[in-house]
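**Q** got a predicted structure here, sequence first:
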Amino acid sequence: MAEKVIVHVPTVLRGHVEDQAKLQVGGGTVGEVLTGLMDQHPTLRGRLFDDKGELNRFINVYLNDEDIRFLDNLDSAVKDGDAVTIVPAIAGGRECAKDVAPGRGSRTRPSPTAMSGKHPGDKHKSCIWIATND
């Protein structure tokens, strides 16, 4: 069993681990390391795993920069010095409106480059607003 596996925690989850970016956790597999992490920080459990004990589908875990889905998943063996990185998938936003008037005398419009999605007809476009004087 490895005693010194470094777990990298993303900013969005650091509130559950006393604002630490890196923690040292022991375990023989990625699953054991994550269990050890959750034992130390119980509020993290609901963020990483669902009610069935499966890793949430929007949580990606890497072992030394390799996605564990392409290894042995949670059963991937770890050794001292390995790094486990937790990366939550982040999505969201809204479609861009044609024009918005947020305040007196100012107007914003979506940036032309932000209006283009990855694929023609993509309904999930990013929206970056720029200030205009028109």
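**A** Received it, and whenever you're ready, just let me know what you need. Residues are numbered from 1 along each chain as shown.
**Q** what's the spacing between Gly36 and Phe70?
**A** Applying CB to CB, to the nearest Å, the value for Gly36 to Phe70 is 23 Å. (Each C-beta comes from the backbone N, C-alpha and C, glycine too.)
**Q** meant to ask about Asp39
**A** When Asp39 is compared with Phe70 (using CB to CB), they lie 27 Å apart.
**Q** re earlier: comparing Gly36 and Phe70, which residue is more hemmed in?
**A** Gly36 (17 against 10; other CB atoms under 10 Å).
**Q** correct me, but that one touches Gly26?
**A** Yes: counting by CB atoms under 8 Å, Gly36 does reach Gly26; the two are 6.0 Å apart.
**Q** convert the C-alpha atoms of stretch 60-75 to CSV, please.
**A** Taking only C-alpha atoms (Å, rounded to 0.1, in the frame of the first residue of the first chain), the coordinates of stretch 60-75 have been written out as CSV:
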residue,chain,number,x,y,z
ASN,A,60,-12.9,12.9,-14.0
VAL,A,61,-10.0,11.3,-12.1
TYR,A,62,-6.5,11.1,-13.4
LEU,A,63,-3.6,9.0,-12.2
ASN,A,64,-0.3,10.6,-13.2
ASP,A,65,-2.1,12.4,-16.0
GLU,A,66,-3.8,9.3,-17.3
ASP,A,67,-7.6,9.1,-17.2
ILE,A,68,-8.5,6.2,-14.9
ARG,A,69,-11.3,5.2,-17.3
PHE,A,70,-8.5,4.0,-19.6
LEU,A,71,-6.7,2.2,-16.9
ASP,A,72,-8.4,0.0,-14.3
ASN,A,73,-10.8,2.7,-13.2
LEU,A,74,-11.0,2.9,-9.4
ASP,A,75,-9.0,-0.3,-9.1
